[in-house]
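>>> Just a sequence and a predicted model for now, questions to come.
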Amino acid sequence: MTRALLALKLRLLCNGPHNERAFSLVAGLVLAALVIAGASSTADGVIHEGWIAVALTVWGGMWLFGPLAQPRHDPSVISREWLRGYPLRSWRLARALSWTELLGVGPLITVACLSSLAVLAAPGGTAAAATAIAAVAAQLYLLTWAGKTVAALASWLLQTRAGMTLAAVQTAIMLALSFAGWVPVAAWLLPRLGEGDTALVTPTAGQLPEPVIDVLAALPTGWGYSAALAARDDAGTGAVLLPLAALLTSGALLHLCWIALTARALRRPPHRANARRPAVPARGLSLPFATPQVAAVVSRELVTWLRDPARGVELRSAWLTPLLMALIIAFTDWSWALPLVGPAAAVFGAMVAINTYALDGTALWQLLTTPGALKADVHGRMAAWALLFGLPAIALAAVLWAATGSPLGGAALGGAITAAAAVCAGAPLLALVMPAVGTDARDRIYPGQRAGDPTGGQMTIFPVVLLAAILPGVIGGSWWGNVLVAVLVATVLGATPALTVRLLQRRGTGLLEAMTTGDTGLLRAAARTKS
(Lines give C-alpha, C1' and ligand atoms only; values in the text may rest on other atoms or scores of the structure.)
Protein backbone atom coordinates (compact mmCIF):
# COMPACT_ATOMS: atom_id res chain seq x y z
CA MET A 1 0.00 0.00 0.00
CA THR A 2 2.85 2.37 0.80
CA ARG A 3 4.34 1.92 -2.66
CA ALA A 4 0.97 2.54 -4.30
CA LEU A 5 0.47 5.77 -2.34
CA LEU A 6 4.03 6.89 -3.10
CA ALA A 7 3.40 6.30 -6.81
CA LEU A 8 0.13 8.26 -6.58
CA LYS A 9 1.92 11.15 -4.85
CA LEU A 10 4.62 11.21 -7.53
CA ARG A 11 2.04 11.27 -10.31
CA LEU A 12 0.16 14.11 -8.61
CA LEU A 13 3.37 16.09 -8.21
CA CYS A 14 4.41 15.51 -11.84
CA ASN A 15 1.01 16.18 -13.42
CA GLY A 16 -0.42 18.78 -11.04
CA PRO A 17 -0.05 22.56 -11.19
CA HIS A 18 3.59 23.63 -11.02
CA ASN A 19 3.54 27.44 -10.74
CA GLU A 20 3.55 27.84 -6.98
CA ARG A 21 5.61 24.68 -6.45
CA ALA A 22 8.27 25.77 -8.94
CA PHE A 23 8.54 29.20 -7.36
CA SER A 24 8.91 27.66 -3.89
CA LEU A 25 11.57 25.27 -5.16
CA VAL A 26 13.66 27.95 -6.84
CA ALA A 27 13.36 30.41 -3.95
CA GLY A 28 14.12 27.71 -1.40
CA LEU A 29 17.18 26.47 -3.26
CA VAL A 30 18.50 30.02 -3.56
CA LEU A 31 18.15 30.55 0.20
CA ALA A 32 19.72 27.15 0.90
CA ALA A 33 22.65 28.03 -1.37
CA LEU A 34 23.20 31.21 0.66
CA VAL A 35 23.29 29.18 3.89
CA ILE A 36 25.77 26.72 2.35
CA ALA A 37 27.95 29.58 1.10
CA GLY A 38 27.92 31.06 4.60
CA ALA A 39 28.94 27.71 6.09
CA SER A 40 31.84 27.38 3.66
CA SER A 41 33.05 30.89 4.47
CA THR A 42 33.26 30.14 8.20
CA ALA A 43 36.48 28.21 7.61
CA ASP A 44 38.13 31.42 6.34
CA GLY A 45 36.75 33.48 9.21
CA VAL A 46 34.58 35.65 6.96
CA ILE A 47 31.55 35.07 9.20
CA HIS A 48 31.17 33.31 12.51
CA GLU A 49 29.66 29.83 12.51
CA GLY A 50 27.04 31.01 15.02
CA TRP A 51 25.19 32.71 12.16
CA ILE A 52 24.62 29.26 10.63
CA ALA A 53 22.81 28.31 13.84
CA VAL A 54 20.65 31.42 13.39
CA ALA A 55 19.85 30.44 9.79
CA LEU A 56 18.93 26.88 10.77
CA THR A 57 16.73 28.15 13.60
CA VAL A 58 14.86 30.45 11.20
CA TRP A 59 14.50 27.57 8.73
CA GLY A 60 13.08 25.33 11.44
CA GLY A 61 10.68 28.07 12.45
CA MET A 62 9.40 28.17 8.88
CA TRP A 63 8.53 24.48 9.19
CA LEU A 64 6.56 25.16 12.37
CA PHE A 65 4.71 28.32 11.29
CA GLY A 66 4.62 27.84 7.51
CA PRO A 67 1.68 25.38 7.49
CA LEU A 68 -0.43 28.00 9.26
CA ALA A 69 0.22 30.68 6.66
CA GLN A 70 -2.78 29.60 4.55
CA PRO A 71 -5.33 28.27 7.03
CA ARG A 72 -8.01 27.65 4.41
CA HIS A 73 -5.96 25.14 2.45
CA ASP A 74 -5.28 21.46 3.07
CA PRO A 75 -1.46 21.18 3.00
CA SER A 76 -1.54 17.53 1.87
CA VAL A 77 -1.42 16.64 -1.81
CA ILE A 78 -3.38 13.41 -1.22
CA SER A 79 -6.62 14.54 0.37
CA ARG A 80 -8.04 12.59 3.31
CA GLU A 81 -11.47 12.82 1.70
CA TRP A 82 -10.32 10.46 -1.05
CA LEU A 83 -9.40 7.67 1.38
CA ARG A 84 -12.13 7.94 4.00
CA GLY A 85 -14.37 5.30 2.43
CA TYR A 86 -11.69 2.64 1.89
CA PRO A 87 -12.36 -0.66 3.76
CA LEU A 88 -9.01 -0.51 5.55
CA ARG A 89 -8.02 0.07 9.14
CA SER A 90 -7.46 3.76 9.72
CA TRP A 91 -4.13 3.25 11.51
CA ARG A 92 -2.76 1.12 8.69
CA LEU A 93 -3.87 3.63 6.08
CA ALA A 94 -2.48 6.58 8.05
CA ARG A 95 0.84 4.80 8.57
CA ALA A 96 1.16 4.07 4.86
CA LEU A 97 0.09 7.61 4.03
CA SER A 98 2.68 9.13 6.36
CA TRP A 99 5.63 8.18 4.17
CA THR A 100 4.17 10.10 1.24
CA GLU A 101 4.54 13.29 3.30
CA LEU A 102 8.31 13.02 2.89
CA LEU A 103 7.92 13.70 -0.84
CA GLY A 104 7.67 17.36 -1.71
CA VAL A 105 9.43 20.66 -2.14
CA GLY A 106 9.79 21.31 1.60
CA PRO A 107 11.93 18.27 2.45
CA LEU A 108 14.00 18.75 -0.71
CA ILE A 109 15.04 22.32 -0.02
CA THR A 110 15.49 21.50 3.68
CA VAL A 111 18.01 18.79 2.79
CA ALA A 112 19.85 21.35 0.70
CA CYS A 113 19.91 23.82 3.60
CA LEU A 114 20.92 21.23 6.19
CA SER A 115 23.82 20.09 4.01
CA SER A 116 25.56 23.15 5.45
CA LEU A 117 26.14 20.95 8.52
CA ALA A 118 28.32 18.65 6.44
CA VAL A 119 30.23 21.70 5.19
CA LEU A 120 30.81 22.82 8.79
CA ALA A 121 31.99 19.36 9.87
CA ALA A 122 34.19 18.71 6.80
CA PRO A 123 37.41 20.10 8.41
CA GLY A 124 37.12 17.36 11.07
CA GLY A 125 37.67 14.54 8.60
CA THR A 126 35.63 11.76 7.03
CA ALA A 127 34.13 10.50 10.29
CA ALA A 128 32.94 13.97 11.22
CA ALA A 129 31.41 14.47 7.77
CA ALA A 130 29.62 11.10 8.01
CA THR A 131 28.25 12.09 11.43
CA ALA A 132 27.07 15.39 9.99
CA ILE A 133 25.22 13.56 7.21
CA ALA A 134 23.47 11.46 9.85
CA ALA A 135 22.62 14.69 11.69
CA VAL A 136 21.14 16.08 8.47
CA ALA A 137 18.86 13.04 8.11
CA ALA A 138 17.81 13.14 11.76
CA GLN A 139 17.18 16.89 11.72
CA LEU A 140 15.11 16.54 8.53
CA TYR A 141 13.08 13.77 10.18
CA LEU A 142 12.28 16.00 13.16
CA LEU A 143 11.49 19.15 11.16
CA THR A 144 9.27 17.32 8.68
CA TRP A 145 7.09 15.70 11.31
CA ALA A 146 7.03 18.80 13.46
CA GLY A 147 5.62 20.76 10.51
CA LYS A 148 3.18 18.03 9.49
CA THR A 149 1.91 17.61 13.05
CA VAL A 150 1.40 21.36 13.44
CA ALA A 151 -0.55 21.37 10.17
CA ALA A 152 -2.72 18.44 11.32
CA LEU A 153 -3.39 20.11 14.67
CA ALA A 154 -4.28 23.35 12.88
CA SER A 155 -6.70 21.48 10.61
CA TRP A 156 -8.42 20.08 13.71
CA LEU A 157 -8.47 23.43 15.51
CA LEU A 158 -9.95 25.22 12.51
CA GLN A 159 -13.16 23.27 13.05
CA THR A 160 -13.78 25.39 16.16
CA ARG A 161 -14.44 29.11 16.53
CA ALA A 162 -11.41 29.48 18.79
CA GLY A 163 -9.30 27.85 16.10
CA MET A 164 -10.60 30.34 13.54
CA THR A 165 -9.50 33.23 15.75
CA LEU A 166 -6.15 31.59 16.42
CA ALA A 167 -5.55 31.05 12.70
CA ALA A 168 -6.47 34.66 11.94
CA VAL A 169 -4.11 35.97 14.63
CA GLN A 170 -1.27 33.76 13.39
CA THR A 171 -1.86 34.78 9.78
CA ALA A 172 -1.92 38.45 10.79
CA ILE A 173 1.38 38.05 12.67
CA MET A 174 3.04 36.44 9.66
CA LEU A 175 1.72 39.07 7.26
CA ALA A 176 2.73 41.92 9.57
CA LEU A 177 6.25 40.50 9.90
CA SER A 178 6.44 39.95 6.14
CA PHE A 179 5.38 43.49 5.23
CA ALA A 180 6.80 45.46 8.17
CA GLY A 181 9.48 43.20 9.61
CA TRP A 182 12.13 44.99 7.56
CA VAL A 183 11.30 48.37 9.10
CA PRO A 184 13.36 47.89 12.32
CA VAL A 185 16.37 46.93 10.23
CA ALA A 186 15.87 49.87 7.85
CA ALA A 187 15.34 52.22 10.80
CA TRP A 188 18.63 50.97 12.27
CA LEU A 189 20.48 51.56 8.99
CA LEU A 190 18.77 54.92 8.22
CA PRO A 191 17.70 56.31 11.60
CA ARG A 192 17.16 59.93 10.41
CA LEU A 193 15.50 59.27 7.07
CA GLY A 194 12.33 61.02 8.23
CA GLU A 195 14.33 64.24 8.57
CA GLY A 196 15.78 63.92 5.08
CA ASP A 197 19.14 62.60 6.30
CA THR A 198 20.23 59.60 4.19
CA ALA A 199 23.41 58.88 6.18
CA LEU A 200 23.80 55.10 6.31
CA VAL A 201 24.90 53.31 9.47
CA THR A 202 27.35 50.63 8.38
CA PRO A 203 26.37 47.27 9.91
CA THR A 204 28.95 44.85 11.25
CA ALA A 205 28.34 41.10 11.30
CA GLY A 206 30.64 40.15 14.14
CA GLN A 207 30.63 37.15 16.42
CA LEU A 208 27.40 36.33 18.19
CA PRO A 209 27.54 36.22 21.99
CA GLU A 210 28.26 32.74 23.30
CA PRO A 211 25.06 32.59 25.43
CA VAL A 212 22.98 33.27 22.31
CA ILE A 213 24.73 30.46 20.41
CA ASP A 214 24.24 28.10 23.36
CA VAL A 215 20.51 28.85 23.45
CA LEU A 216 20.13 28.29 19.69
CA ALA A 217 22.09 25.02 19.91
CA ALA A 218 19.88 23.84 22.80
CA LEU A 219 16.69 24.30 20.76
CA PRO A 220 15.44 21.29 18.77
CA THR A 221 16.32 23.14 15.57
CA GLY A 222 19.96 23.28 16.75
CA TRP A 223 20.48 19.67 17.82
CA GLY A 224 21.87 18.68 14.43
CA TYR A 225 24.17 21.71 14.55
CA SER A 226 25.43 20.62 17.99
CA ALA A 227 26.10 17.06 16.80
CA ALA A 228 28.00 18.23 13.71
CA LEU A 229 30.22 20.61 15.67
CA ALA A 230 30.82 18.01 18.38
CA ALA A 231 31.96 15.52 15.74
CA ARG A 232 34.22 18.10 14.11
CA ASP A 233 35.82 19.17 17.39
CA ASP A 234 36.08 15.55 18.67
CA ALA A 235 34.09 16.45 21.76
CA GLY A 236 33.31 12.85 22.66
CA THR A 237 30.78 10.15 21.83
CA GLY A 238 28.17 11.42 24.27
CA ALA A 239 28.16 14.94 22.85
CA VAL A 240 27.52 13.46 19.39
CA LEU A 241 25.04 10.68 20.14
CA LEU A 242 22.85 12.59 22.60
CA PRO A 243 21.59 15.21 20.07
CA LEU A 244 21.11 12.52 17.41
CA ALA A 245 19.10 10.35 19.80
CA ALA A 246 17.00 13.36 20.81
CA LEU A 247 16.30 14.16 17.16
CA LEU A 248 15.24 10.61 16.31
CA THR A 249 13.15 10.17 19.47
CA SER A 250 11.32 13.48 19.07
CA GLY A 251 10.78 12.86 15.37
CA ALA A 252 9.34 9.39 16.06
CA LEU A 253 6.95 10.78 18.68
CA LEU A 254 5.76 13.50 16.29
CA HIS A 255 5.44 10.89 13.54
CA LEU A 256 3.17 8.79 15.78
CA CYS A 257 1.19 11.91 16.73
CA TRP A 258 0.60 12.70 13.05
CA ILE A 259 -0.52 9.11 12.38
CA ALA A 260 -2.96 9.29 15.30
CA LEU A 261 -4.43 12.59 14.12
CA THR A 262 -4.74 11.33 10.54
CA ALA A 263 -6.33 8.06 11.66
CA ARG A 264 -8.82 10.05 13.72
CA ALA A 265 -9.64 12.20 10.68
CA LEU A 266 -10.11 9.08 8.53
CA ARG A 267 -12.50 7.52 11.07
CA ARG A 268 -14.57 10.66 11.43
CA PRO A 269 -17.62 10.75 9.11
CA PRO A 270 -18.07 13.75 6.83
CA HIS A 271 -19.51 16.78 8.62
CA ARG A 272 -22.82 18.27 7.75
CA ALA A 273 -23.41 21.98 7.76
CA ASN A 274 -26.27 22.45 10.20
CA ALA A 275 -27.60 25.89 11.02
CA ARG A 276 -26.74 26.81 14.61
CA ARG A 277 -29.01 29.84 14.63
CA PRO A 278 -32.69 29.88 13.75
CA ALA A 279 -33.63 31.62 10.53
CA VAL A 280 -35.52 34.66 11.75
CA PRO A 281 -36.30 37.83 9.81
CA ALA A 282 -33.55 40.37 10.37
CA ARG A 283 -34.12 44.03 11.03
CA GLY A 284 -33.75 46.15 7.94
CA LEU A 285 -30.58 48.17 7.57
CA SER A 286 -31.09 51.81 6.73
CA LEU A 287 -28.33 53.45 4.70
CA PRO A 288 -28.32 57.01 3.37
CA PHE A 289 -28.37 57.41 -0.41
CA ALA A 290 -29.09 53.67 -0.84
CA THR A 291 -32.19 51.88 -2.08
CA PRO A 292 -33.83 49.21 0.11
CA GLN A 293 -32.48 46.53 -2.24
CA VAL A 294 -28.87 47.75 -1.83
CA ALA A 295 -29.35 48.07 1.94
CA ALA A 296 -30.58 44.45 2.06
CA VAL A 297 -27.45 43.27 0.20
CA VAL A 298 -25.23 45.24 2.59
CA SER A 299 -26.98 43.64 5.57
CA ARG A 300 -26.52 40.18 4.07
CA GLU A 301 -22.84 40.82 3.33
CA LEU A 302 -22.10 42.06 6.83
CA VAL A 303 -23.67 38.96 8.36
CA THR A 304 -21.83 36.69 5.90
CA TRP A 305 -18.46 38.25 6.67
CA LEU A 306 -19.03 37.66 10.38
CA ARG A 307 -20.44 34.12 10.18
CA ASP A 308 -18.93 32.35 7.17
CA PRO A 309 -15.80 30.44 8.34
CA ALA A 310 -13.78 31.12 5.19
CA ARG A 311 -14.57 34.83 5.16
CA GLY A 312 -14.29 35.07 8.94
CA VAL A 313 -10.59 34.17 9.01
CA GLU A 314 -9.87 36.64 6.22
CA LEU A 315 -11.84 39.39 7.97
CA ARG A 316 -10.00 38.98 11.26
CA SER A 317 -6.57 38.78 9.64
CA ALA A 318 -7.25 41.86 7.47
CA TRP A 319 -8.20 43.86 10.55
CA LEU A 320 -5.33 42.65 12.74
CA THR A 321 -2.48 42.86 10.23
CA PRO A 322 -2.32 46.68 9.87
CA LEU A 323 -2.61 47.11 13.65
CA LEU A 324 0.35 44.77 14.18
CA MET A 325 2.29 46.60 11.47
CA ALA A 326 1.66 49.88 13.26
CA LEU A 327 2.86 48.29 16.50
CA ILE A 328 6.11 47.16 14.85
CA ILE A 329 6.77 50.59 13.32
CA ALA A 330 5.90 52.43 16.55
CA PHE A 331 8.88 50.89 18.37
CA THR A 332 11.36 52.28 15.82
CA ASP A 333 12.60 55.74 14.88
CA TRP A 334 10.39 55.68 11.81
CA SER A 335 7.22 56.93 13.49
CA TRP A 336 6.79 59.26 10.51
CA ALA A 337 5.87 56.16 8.45
CA LEU A 338 2.93 55.18 10.67
CA PRO A 339 0.21 56.91 8.54
CA LEU A 340 1.20 54.65 5.63
CA VAL A 341 -0.44 51.79 7.53
CA GLY A 342 -3.80 53.25 6.41
CA PRO A 343 -3.26 52.52 2.69
CA ALA A 344 -1.75 49.16 3.69
CA ALA A 345 -5.02 48.31 5.47
CA ALA A 346 -6.91 49.02 2.24
CA VAL A 347 -4.50 46.73 0.37
CA PHE A 348 -5.09 43.87 2.82
CA GLY A 349 -8.82 44.44 2.60
CA ALA A 350 -8.53 44.15 -1.17
CA MET A 351 -6.70 40.83 -1.01
CA VAL A 352 -9.40 39.21 1.13
CA ALA A 353 -12.37 40.50 -0.92
CA ILE A 354 -11.58 39.32 -4.47
CA ASN A 355 -13.34 35.94 -4.32
CA THR A 356 -16.71 36.68 -2.76
CA TYR A 357 -18.87 35.27 -5.57
CA ALA A 358 -17.05 31.91 -5.53
CA LEU A 359 -17.21 31.83 -1.71
CA ASP A 360 -20.98 32.35 -1.85
CA GLY A 361 -21.20 29.37 -4.20
CA THR A 362 -24.40 28.18 -5.81
CA ALA A 363 -26.47 30.78 -3.94
CA LEU A 364 -25.81 32.84 -7.07
CA TRP A 365 -28.95 31.33 -8.62
CA GLN A 366 -31.08 33.63 -6.46
CA LEU A 367 -29.50 36.69 -8.04
CA LEU A 368 -29.81 35.34 -11.57
CA THR A 369 -33.51 34.54 -11.17
CA THR A 370 -34.54 37.79 -9.42
CA PRO A 371 -35.19 40.71 -11.79
CA GLY A 372 -33.07 43.76 -11.01
CA ALA A 373 -31.06 42.00 -8.31
CA LEU A 374 -27.66 42.04 -10.06
CA LYS A 375 -27.18 45.81 -9.93
CA ALA A 376 -28.22 45.98 -6.29
CA ASP A 377 -25.91 43.08 -5.48
CA VAL A 378 -22.83 44.73 -7.02
CA HIS A 379 -23.47 48.06 -5.31
CA GLY A 380 -24.27 46.32 -2.03
CA ARG A 381 -20.98 44.39 -2.06
CA MET A 382 -19.13 47.63 -2.73
CA ALA A 383 -20.87 49.41 0.16
CA ALA A 384 -20.30 46.48 2.54
CA TRP A 385 -16.57 46.44 1.74
CA ALA A 386 -16.42 50.18 2.31
CA LEU A 387 -18.02 49.78 5.74
CA LEU A 388 -15.85 46.85 6.79
CA PHE A 389 -12.48 47.85 5.32
CA GLY A 390 -12.52 51.12 3.37
CA LEU A 391 -13.73 53.56 6.02
CA PRO A 392 -11.61 51.95 8.79
CA ALA A 393 -8.51 52.24 6.55
CA ILE A 394 -9.19 55.93 5.88
CA ALA A 395 -9.88 56.56 9.57
CA LEU A 396 -6.68 54.73 10.56
CA ALA A 397 -4.60 56.90 8.23
CA ALA A 398 -6.22 60.08 9.57
CA VAL A 399 -5.75 59.09 13.23
CA LEU A 400 -2.10 58.14 12.75
CA TRP A 401 -1.48 61.37 10.83
CA ALA A 402 -2.96 63.40 13.67
CA ALA A 403 -1.01 61.42 16.28
CA THR A 404 2.40 61.63 14.59
CA GLY A 405 2.21 64.85 12.58
CA SER A 406 4.05 63.04 9.83
CA PRO A 407 4.88 64.96 6.63
CA LEU A 408 3.57 61.94 4.74
CA GLY A 409 0.18 62.12 6.43
CA GLY A 410 -1.60 63.93 3.60
CA ALA A 411 -0.27 61.53 0.97
CA ALA A 412 -1.16 58.57 3.20
CA LEU A 413 -4.72 59.80 3.69
CA GLY A 414 -5.12 60.42 -0.05
CA GLY A 415 -3.62 57.00 -0.77
CA ALA A 416 -6.09 55.32 1.59
CA ILE A 417 -8.99 57.05 -0.17
CA THR A 418 -7.86 56.15 -3.69
CA ALA A 419 -6.98 52.59 -2.68
CA ALA A 420 -10.39 52.14 -1.05
CA ALA A 421 -12.09 53.47 -4.18
CA ALA A 422 -10.09 51.13 -6.41
CA VAL A 423 -11.01 48.11 -4.28
CA CYS A 424 -14.68 49.06 -4.00
CA ALA A 425 -14.91 49.15 -7.77
CA GLY A 426 -12.47 46.40 -8.66
CA ALA A 427 -13.09 43.62 -6.13
CA PRO A 428 -16.54 42.52 -7.45
CA LEU A 429 -15.23 42.74 -11.03
CA LEU A 430 -12.19 40.60 -10.29
CA ALA A 431 -14.35 38.12 -8.37
CA LEU A 432 -16.15 37.46 -11.67
CA VAL A 433 -13.08 37.49 -13.91
CA MET A 434 -10.88 35.23 -11.72
CA PRO A 435 -13.15 33.11 -9.50
CA ALA A 436 -11.44 30.47 -7.33
CA VAL A 437 -14.11 27.79 -7.04
CA GLY A 438 -13.94 25.48 -4.03
CA THR A 439 -16.27 23.75 -1.60
CA ASP A 440 -19.76 25.17 -1.84
CA ALA A 441 -20.83 27.51 0.94
CA ARG A 442 -23.64 25.23 2.12
CA ASP A 443 -21.13 22.39 2.64
CA ARG A 444 -18.30 24.49 4.10
CA ILE A 445 -18.30 24.52 7.89
CA TYR A 446 -14.68 25.35 8.73
CA PRO A 447 -11.88 27.22 6.93
CA GLY A 448 -9.66 24.15 6.56
CA GLN A 449 -11.92 22.86 3.80
CA ARG A 450 -11.02 23.72 0.23
CA ALA A 451 -12.67 27.08 -0.30
CA GLY A 452 -10.73 27.88 -3.47
CA ASP A 453 -7.22 29.27 -3.91
CA PRO A 454 -7.51 33.01 -4.65
CA THR A 455 -3.74 33.53 -4.99
CA GLY A 456 -4.02 34.54 -8.65
CA GLY A 457 -6.63 37.17 -7.93
CA GLN A 458 -4.68 38.47 -4.94
CA MET A 459 -1.50 38.83 -6.97
CA THR A 460 -3.54 40.67 -9.63
CA ILE A 461 -5.27 43.18 -7.41
CA PHE A 462 -2.25 43.82 -5.17
CA PRO A 463 -0.24 45.92 -7.69
CA VAL A 464 -3.40 47.68 -8.89
CA VAL A 465 -4.39 48.86 -5.41
CA LEU A 466 -0.77 49.63 -4.53
CA LEU A 467 -0.52 51.84 -7.60
CA ALA A 468 -3.76 53.59 -6.64
CA ALA A 469 -2.40 54.20 -3.13
CA ILE A 470 0.83 55.70 -4.49
CA LEU A 471 -0.95 57.91 -7.03
CA PRO A 472 -1.85 60.84 -4.68
CA GLY A 473 1.74 61.06 -3.48
CA VAL A 474 3.04 61.14 -7.04
CA ILE A 475 0.70 63.67 -8.66
CA GLY A 476 -0.87 65.27 -5.57
CA GLY A 477 0.21 68.37 -3.69
CA SER A 478 -1.09 70.99 -6.14
CA TRP A 479 -4.70 71.90 -6.76
CA TRP A 480 -4.72 70.39 -10.22
CA GLY A 481 -3.24 67.16 -8.87
CA ASN A 482 -5.97 66.85 -6.27
CA VAL A 483 -8.63 67.60 -8.90
CA LEU A 484 -7.16 64.96 -11.21
CA VAL A 485 -7.17 62.35 -8.43
CA ALA A 486 -10.79 63.20 -7.56
CA VAL A 487 -11.84 62.87 -11.21
CA LEU A 488 -10.10 59.50 -11.50
CA VAL A 489 -11.77 58.23 -8.33
CA ALA A 490 -15.22 59.38 -9.51
CA THR A 491 -14.67 57.79 -12.94
CA VAL A 492 -13.60 54.44 -11.49
CA LEU A 493 -16.50 54.35 -9.02
CA GLY A 494 -18.97 55.29 -11.75
CA ALA A 495 -17.87 53.16 -14.69
CA THR A 496 -16.59 49.93 -13.12
CA PRO A 497 -19.84 48.83 -11.39
CA ALA A 498 -21.73 49.09 -14.69
CA LEU A 499 -19.10 46.90 -16.33
CA THR A 500 -19.37 44.40 -13.46
CA VAL A 501 -23.16 44.18 -13.80
CA ARG A 502 -22.87 43.64 -17.54
CA LEU A 503 -20.25 40.94 -17.06
CA LEU A 504 -22.39 39.26 -14.40
CA GLN A 505 -25.33 39.19 -16.80
CA ARG A 506 -23.19 37.55 -19.48
CA ARG A 507 -21.18 35.13 -17.34
CA GLY A 508 -23.50 34.50 -14.41
CA THR A 509 -24.95 31.27 -15.80
CA GLY A 510 -21.50 29.90 -16.65
CA LEU A 511 -20.20 30.84 -13.21
CA LEU A 512 -23.13 29.10 -11.55
CA GLU A 513 -22.51 25.96 -13.61
CA ALA A 514 -18.81 26.07 -12.76
CA MET A 515 -19.58 26.29 -9.05
CA THR A 516 -22.13 23.49 -9.31
CA THR A 517 -19.64 21.13 -10.95
CA GLY A 518 -16.47 22.54 -9.38
CA ASP A 519 -14.90 22.94 -12.84
CA THR A 520 -13.74 26.46 -13.76
CA GLY A 521 -12.98 25.20 -17.28
CA LEU A 522 -16.70 25.46 -18.00
CA LEU A 523 -16.57 29.17 -17.23
CA ARG A 524 -13.70 29.75 -19.63
CA ALA A 525 -15.45 27.71 -22.32
CA ALA A 526 -18.66 29.69 -21.89
CA ALA A 527 -16.75 32.96 -22.11
CA ARG A 528 -15.08 31.88 -25.36
CA THR A 529 -18.42 30.78 -26.82
CA LYS A 530 -20.12 34.12 -26.08
CA SER A 531 -17.19 36.15 -27.34
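Done, it's in.

>>> from here on, contacts and neighbour counts on C-alpha atoms
OK.

>>> Show me where the stretch 201-350 of the chain has its helices.
All helices of the stretch 201-350 of the chain, identified by DSSP state H, counting those that start in this stretch, fall at 210-218, 223-232, 237-267, 292-307, 309-330, 341-351.

>>> So which elements touch the first one?
Which is helix 210-218. Contact analysis of helix 210-218 by 3 or more Cα pairs under 8 Å, 6 or more residues apart in numbering; DSSP states H and E lists helix 50-65, helix 223-232 as its packing neighbours.

>>> try 6 Å this time
Contacts defined by 3 or more Cα pairs under 6 Å, 6 or more residues apart in numbering; DSSP states H and E place helix 210-218 against no helix or strand at all.

>>> Now do that helix: distance to the chain's middle.
The chain centroid and the centroid of helix 210-218 are separated by 30 Å under Cα atoms, centre = their mean, to the nearest Å.

>>> List the buried residues of the longest helix along the chain.
Longest helix in the chain, counting residues (DSSP state H): helix 479-517. If you call a residue buried by 16 or more other Cα atoms under 10 Å, then helix 479-517 has these buried ones: 481, 485, 488-489, 492-493, 496-498, 500-501, 504, 507-516.

>>> What is the burial count for Ala33?
Neighbour count for Ala33, taken as other Cα atoms under 10 Å: 17.

>>> Distance of it relative to Val111?
Using Cα to Cα, to the nearest Å, one gets 11 Å for the distance from Ala33 to Val111.

>>> now Thr370
Note on Thr370: its distance to Val111, by Cα to Cα, is 57 Å.

>>> Of these two, which one has the most company?
The neighbour comparison of Thr370 against Val111 (other Cα under 10 Å) goes to Val111, with 17 against 9.

>>> Could you say which helix or strand holds that one?
helix 105-114 (DSSP states H and E).

>>> what does that helix rub up against?
Identification of contacts with helix 105-114 by Cα atoms under 6 Å, 6 or more residues apart in numbering yields Leu25, Gly28, Leu29, Ala32, Val136.

>>> any idea how far that helix is from the chain center?
Counting by Cα atoms, centre = their mean, helix 105-114 comes out at 21 Å from the chain centroid.

>>> what's the distance between the helix or strand following it and the middle of its chain?
Downstream of helix 105-114, the first helix or strand assigned by DSSP H and E is helix 116-121. Averaging C-alpha positions (Cα atoms, centre = their mean) puts helix 116-121 32 Å from its chain's average.

>>> ok, the closest residue in space to Leu315 that isn't next to it in sequence - how many residues close by?
Sequence neighbours aside, Trp305 is the residue nearest to Leu315 in space, at 6.8 Å (criterion: Cα to Cα, 6 or more residues apart in numbering). Trp305 has 21 neighbouring residues, counting by other Cα under 10 Å.

>>> ok, now Leu287?
Neighbours around Leu287, by other Cα under 10 Å: 14.

>>> Show the pLDDT at it.
Note on Leu287: pLDDT of 70.

>>> Next, work out how far apart it and Ala295 are.
Using Cα to Cα, Leu287 is found at 6 Å from Ala295.

>>> And for His48?
Taking Cα to Cα, one finds His48 at 63 Å from Ala295.

>>> again with Ala146
For Ala146, the distance to Ala295 - Cα to Cα - is 48 Å.

>>> Same check on Ala310?
23 Å.
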